[in-house]
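J.: Any chance you could fold what I've pasted below:
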Amino acid sequence: MAEVDHRIATWISNNVLYIALALGLVWFLKKSLPNLRRRWFAYFMYMFTKEKDAKIEELKKDLFASMKDIVSQDPELRKQNSIRILEIGVGTGVNFSHYPDGSRLVVVDPNPHFKSYYNDNRKKFPNIQAEEILVTTGEKMDMVPDNSIDVVVMTLVLCSVTGTEEIMKEILRVLVPGGKFYFLEHIREFDSENHGTRQKIQDLLTRIGLWPFLFDGCCLNRDMLPVIEAAGFSKVNGERFYAPVNSFFFQLIKPHLKGTAEK
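T.: Okay, the predicted model is just below:
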């Protein structure tokens, strides 16, 4: 036993530099990997949304069409024929083109690396007043006052939040009475009889953590409609459907959910 201990001590002594370098590398990766993942995801989303898909844009146009008829409960905004919108998970700002002229836009996103892409994009839309990104999650929006938001928007975000029930509570908190929540999300395959293989692949890639690792926490196998329906909204109109996704790789996110909920 003493001989074994001596050998171990000798090996450590002879390789102390390499051990230190290895430990330093592990520490660096542990500290840097989450940041690198977020940088990668922000860049990926910027490139992915650079060229807009006409069919997806038409889908959004139809979903957000009723937004132009909303009347703000803020007297000052009402005089200006404007509404206050909160977008959770704003990313690069891909929904700007669908907001009514004069809208006041409050935005939150937990990924600080979206900021430069977001700022470049909002310069293209002088018709809306978009604020700086509040770097936080939708579950922790304490800086947004109660009953202050006419419309909340989330698109392709609920797949990656850590607290689905908590974020629903926050949405209800910040919305004015009668305010509307617009959502568009990819979800778990809902037709297991005809698309069982896709459902199994969604479950597998999420369970082993590969998809969430690559796409900043995104889960392929969530269906948010039951959560939204149970959150306490006075009215929920949700529809599961298949989005016009052409890419073979992204057939996994073809099942979608869209709709509105009213406080």
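J.: contacts and neighbour counts: CA atoms only from here.
T.: Fine.
J.: Around the residue nearest to Gln129 when sequence neighbours are not counted, count how many other residues there are.
T.: Excluding its sequence neighbours, the residue lying closest to Gln129 (CA to CA, 6 or more residues apart in numbering) is Arg104, at 4.9 Å. Residues contacting Arg104 under the criterion other CA atoms under 10 Å number 21.
J.: and what of Glu131?
T.: Residues near Glu131, counting by other CA under 10 Å: 13.
J.: Let me know the helix or strand that the closest residue in space to it that isn't next to it in sequence is in.
T.: Nearest non-adjacent residue to Glu131, counting by CA to CA, 6+ apart: Val106, 5.6 Å away. Val106 is part of strand 104-108, with elements assigned from DSSP states H and E.
J.: Could you give the average pLDDT over that strand?
T.: Across strand 104-108, pLDDT averages out at 96.
J.: And it, what does it pack against?
T.: strand 84-88, strand 129-130 (3 or more CA pairs under 8 Å, 6 or more residues apart in numbering; DSSP states H and E).
J.: then the following helix or strand past it to CSV, C-alphas only?
T.: Sequence order places helix 115-122 as the next helix or strand after strand 104-108, per DSSP H and E. The C-alpha coordinates for helix 115-122 follow below in CSV (Å, rounded to 0.1, in the frame of the first residue of the first chain):
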residue,chain,number,x,y,z
LYS,A,115,-28.7,43.3,-27.6
SER,A,116,-26.7,44.3,-30.7
TYR,A,117,-28.9,42.4,-33.1
TYR,A,118,-32.0,43.9,-31.4
ASN,A,119,-30.7,47.4,-31.5
ASP,A,120,-29.8,47.1,-35.2
ASN,A,121,-33.3,45.8,-36.0
ARG,A,122,-35.3,48.4,-34.0
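J.: just how off-centre is helix 115-122 within its chain?
T.: Computed by CA atoms, centre = their mean, to the nearest Å, the chain-centroid distance of helix 115-122 equals 16 Å.
J.: residues making contact with it?
T.: Under the criterion CA atoms under 8 Å, 6 or more residues apart in numbering, residues 46, 91-93, 96, 130, 133 lie in contact with helix 115-122.
J.: Equivalent analysis for stretch 127-135, please.
T.: So stretch 127-135 is contacted by 96, 99-112, 115, 122 (CA under 8 Å, 6+ apart).
J.: Centre of the chain to the strand holding Val106, how far?
T.: A distance of 14 Å separates the centroid of the chain from that of strand 104-108, by CA atoms, centre = their mean.
J.: cool, stretch 113-130 as well?
T.: Chain-centre distance of stretch 113-130: 17 Å, with CA atoms, centre = their mean.
J.: from here on, count from 40
T.: With 40 as the first residue, the last one maps to stretch 152-169.
J.: where exactly do the strands run in this structure?
T.: Remark: strands assigned in the chain by DSSP state E are 123-127, 143-147, 168-169, 188-194, 214-225, 274-281, 294-301.
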